[in-house]
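Asker: compute the structure for the input listed below.
(chains A and B)
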Amino acid sequence: MTGNGVADVVIIGAGVVGTAIARTIAGYQLSCVLVDAAGDVGTGTTKANTAILHTGFDTVPGSLESRLLRRGSGLLHDYARRAGIPVERTGALVVAWTDEQESALPGIEDKARRNGCTDVRRVTAADLYRAEPRLGPGARGAIEIPGESIICPWTTPLAYATEALREGVRLRLRTRVTGVGTDIGERRAGERRAGERRAWEHSVATSAGPLRCRWLINAAGLDSDRIDAMLGGGGFTITPRRGELIVFDKLARPLLRSILLPVPTARTKGVLVAPTVYGNVLLGPTAEDVADRTDTATTAAGLGALLAAGGQILPDLAAEEVTAAYAGLRAATEHRDYQIRVDEQRQYACVAGIRSTGLSASLGIAEYVVGQLGEVGLPLRERETAGPPAMPYIGQAGVRPYQDTARIAADPDYGAIVCHCERVTRGEIRDALASPLPPGDLDGLRRRTRVLNGRCQGFYCAATVSGLLAARDASTGRISPGRISTGKPA
Amino acid sequence: MKVDVLIAGAGPAGLAAAVELRRAGAGRVLVLDREAAPGGVPRHCLHTGYGLRDLRRLLDGPAYARHYADAAAAAGADVQAGSTVTGWTGDRTVTVTSARGVETVEAAAVLLATGCRERPRTARLVPGGRPPGVMTTGELQQRVYLGGQRLPGRAVIVGAEHVSFSALVTLAHAGAEVVALVTEHPKHQSYPAFSAAARLRWRVPVWTSTAVRRVAGQDRLAGVELADTRSGATRFVRCDTLVFTGDWIPDHELARLAGLAIDPGTRGPAVDTALQTSVPLVFAAGNLVHAAETADVAALGGRHAARHLAAALGGLLPPAAVVGVTVAPPLAWISPNAIRPATAPPRGRFVMRSRVFRRLARIEIRQDGRLLARSRPASVVPGRPVHLAAGWVSQVDPAGGPVHVALAPGRHSPAGLAPGGLAPDNLALDNITPDSLGRWRMEA
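Answerer: Okay, the predicted model is just below:
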């Protein structure tokens, strides 16, 4: 933080986009504060989605989303490999079930090529059933997109935030922005020194006290229109689109190999069935516009519709147990494309309307937004950084601690399985509680370790896991979640 | 590591089997359990009522668990807690993780005794928010009895079978005010004594024909929306704890990973009357094959499996064509799932469940249309054990078709009882084991 407590940059929103921007900002000689109303990073749209790392094959060619998704997807594949974020390149099949859908396949293939996915190919019904023998009857054919992948949506923002923290970004959780005041005054060119703009300062009022900064980035997701309105915006309105999803038992995982997509409609990509990096099967999402920006409840109608759709795509799913059902809210706007706008006058960037592709595009969005800000005066002087942090691996394709003889030999806690369904060890829980960005509550611990996320939902281990969290809280005098990782700017 | 017998699960079935195997002269018997201590679910069931059928005395859960852990060790079995069987590398070779590392255990024979658990709210697809405070009885008991947790505030219990009343006792112990037990059935499924005690001792009503429609709350539980299944009328009940009870499912992960044939009714591995699965020298016993019976029934099943497993190791369990046993709705399932020639099931009884209440029901057993036996009239209750004596097994034609077990339509005279018919084992009195009752008496 420079001088008088004024940060160079404040980022509002620590979702996957906000944390990606924070880690990108951390690569420059800039002071940065990342704020979020919630007690953890990635608790909004970021945490409840289909966990797919898209190629962008079905975006509108030439759109900003298409461009940033393609760029971001490539960057994230590389970042994930270096940070240990679980990713599996399963490929996807867009399956046609009717004449009409079949007639749409050539258009999808063409669009994919225009979006730079040159390895897509048409698959006959016979080849489709050879690849996915458990597929329900009646499929006509498909388009295969080999690059579509699945990713851990929780480790990704945690990795970004962990890297940002390590590089000096300050994270202020449980900090809700209530207003933004901008010191009005004409900027006079004569006052500007080379490489520096003594420009407007934003005073950001928050539930945890005021913050001051020179540049403000709005990555507030579902609240981004409200923040934008505080800065004189108003070009868009967020309408939360609720998507309900069902997670099936891991014993259902052998039922499919790749992501099974429907032929999309104008409104939604439709209901898909996909493997997850944890070894489950995901079914969803529904798409329902809702008024309440916090309404993440599942509904009987939504779950019923999903089961009906899933039963047609993969009939054997019906015999498998459901491990979890949840709903996420996508930050949809009335526009089809991202709402990214850089306001040179106000030294402000609005990064909104990221819809359902924020996870895949996050690094592309961050690179683009920071670059745009640089062009209008944000001084981008690079600094040495340590690169991506090594994150705990919670996927199923690689080696988990419980499978790692050498690791257990070095530390027997990695052989002490506490959560049996997800095979999470005492060592991993201990590490998460002691990490640079520790969980504030059980949900935070779930996202970091997978603990309690399995088929028994706590029948066996909830009491033990709660005890470990309570012991940490008692030993650290921790009262409210999020305290440790917050701090007032100097 | 090489062993003669590997037992996965050190609950009542696994430990009782270990004792019996050592008695029968089995060599190295290794019992693995993923929990931190052996004993299984009884470890966190503080009420009495354990040991009636198998030990001929009454113990509380933890004492019963200790008894079997000590007995298995004394018999010379190697019981290792904190050891998880994570998968198979051969028909009888498994991978094990423990604080000692990752090991491969090669066994001459395997007994799966991995037990069962309650289906949680998510598996039951109850919609709504996902606040904390929603749990199963298993989690509740561990929080309260092993973790010493208090649960002040209002609680609602979903279910009205034996275990639901056990949850009521646990919640009362933890300081909760239990608002009601709710069940979709038209009446509760436990004993009149339990229901009466709930009403009189704690003034807790059983709301019948009532379904949970929605869980409300985000950061904390606000309550549940309940619906009257007859009128459709809904109402909101505020609560701080919501316990989903019963609705058992076998912990069949290892069985399925092994590729064992699974019975669609029990959802556990299909077993014959010797408790052998579809893979030779792989056996299964306890609540993995009948979720959920009382601990003593599980232990006796373990003992039964051990005797046949020992015989199999000695080459005395020849391959034989088995005759399948199926049930017709509204019966839900039967265990064991097949009849091995000249082999009775554990305790000489099949275990069944009904999906409906039926007073004075008769059960008929037929093979290829031929009536083998017909039971005396008895009441069946959903979720409650129906134990069917198996004297008729000797009449099964080993070369014939599958045996069908069904509720007989209408009433029949006692004269209709076939030779070798059924002992009146399934009914009320025999089944009022004091597992929960003892606790009730202690509390009242």
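Asker: pull the longest strand from chain B.
Answerer: Counting residues, the longest strand found in chain B (DSSP state E) is strand B:101-112.
Asker: that one pairs with which strands, parallel or anti?
Answerer: strand B:2-8 (parallel), strand B:93-98 (antiparallel), strand B:282-284 (parallel) (DSSP bridges).
Asker: let me know which of those strands is tucked in deepest.
Answerer: strand B:282-284 (a mean of 28; mean count of other C-beta atoms under 10 Å in any protein chain shown). Placement of C-beta: from N, CA and C, glycine included.
Asker: mind checking the pLDDT average for the longest strand of chain B?
Answerer: Strand B:101-112 shows an average pLDDT of 98 in the prediction.
Asker: show me the contact partners of the next helix or strand after that strand.
Answerer: Downstream of strand B:101-112, the next assigned helix or strand under DSSP states H and E is strand B:116-118. The contact list for strand B:116-118 (C-beta atoms under 8 Å, 6 or more residues apart in numbering or on different chains) reads A:456, A:459-460, B:136-138, B:163, B:244-251, B:268, B:287-288, B:291-292.
Asker: about what we covered before: same list (the strands paired with strand B:101-112) but as TSV, adding mean pLDDT.
Answerer: Output for the strands paired with strand B:101-112, formatted as TSV (pLDDT from 0 to 100):
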stretch	mean pLDDT
strand B:2-8	98
strand B:93-98	98
strand B:282-284	98
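Asker: measure residue A:167 to chain B for me?
Answerer: Between residue A:167 and chain B the computed distance is 31 Å (C-beta to the nearest C-beta, to the nearest Å).
Asker: can you count the residues close to the closest residue to that residue other than its chain neighbours?
Answerer: Once flanking residues are discounted, residue A:167 sits nearest to residue A:26: 3.6 Å by C-beta to C-beta, 6 or more residues apart in numbering or on different chains. Neighbour count of residue A:26, defined by other C-beta atoms under 10 Å in any protein chain shown: 22.
Asker: how far away is residue A:26 from residue B:126?
Answerer: Separation of residue A:26 from residue B:126 (C-beta to C-beta, to the nearest Å) stands at 43 Å.
Asker: give me the three-state assignment for residue A:69.
Answerer: What DSSP: H, G, I helix; E, B strand; the rest coil gives for residue A:69 is helix.
Asker: can you name the residue of the stretch 201-350 of chain B nearest chain A?
Answerer: Closest to chain A within the stretch 201-350 of chain B is residue B:256: 5.4 Å, counting by C-beta to the nearest C-beta.
Asker: and the closest residue to residue A:48 other than its chain neighbours, what are its bridge partners?
Answerer: Spatial nearest neighbour of residue A:48, chain neighbours left out: residue A:328 (2.9 Å); criterion: C-beta to C-beta, 6+ apart. For residue A:328, the beta-bridge partners under DSSP bridges are residue A:243.
Asker: and for the one 4 residues further on?
Answerer: Residue A:332 forms beta bridges with residue A:239, as assigned by DSSP bridges.
Asker: where do the helices sit along the stretch 101-250 of chain A?
Answerer: A:125-131, A:155-166, A:224-230 (DSSP state H, counting those that start in this stretch).
Asker: whoops, chain B was the one
Answerer: All helices of chain B, identified by DSSP state H, fall at B:12-23, B:52-55, B:61-74, B:137-141, B:162-173, B:192-201, B:253-257, B:295-313, B:428-431, B:434-443.
Asker: can you give me the buried ones in the longest one?
Answerer: Same thing as helix B:295-313. Using 16 or more other C-beta atoms under 10 Å in any protein chain shown as the test for burial, helix B:295-313 gives B:295-310, B:312-313.
Asker: ok, the most centrally placed residue in chain B - contacts?
Answerer: The residue lying closest to the centre of chain B (C-alpha atoms, centre = their mean) is residue B:292, at 1.5 Å. By C-beta under 8 Å, 6+ apart, residue B:292 lies in contact with B:116, B:163, B:248.
Asker: appreciated, that's everything.
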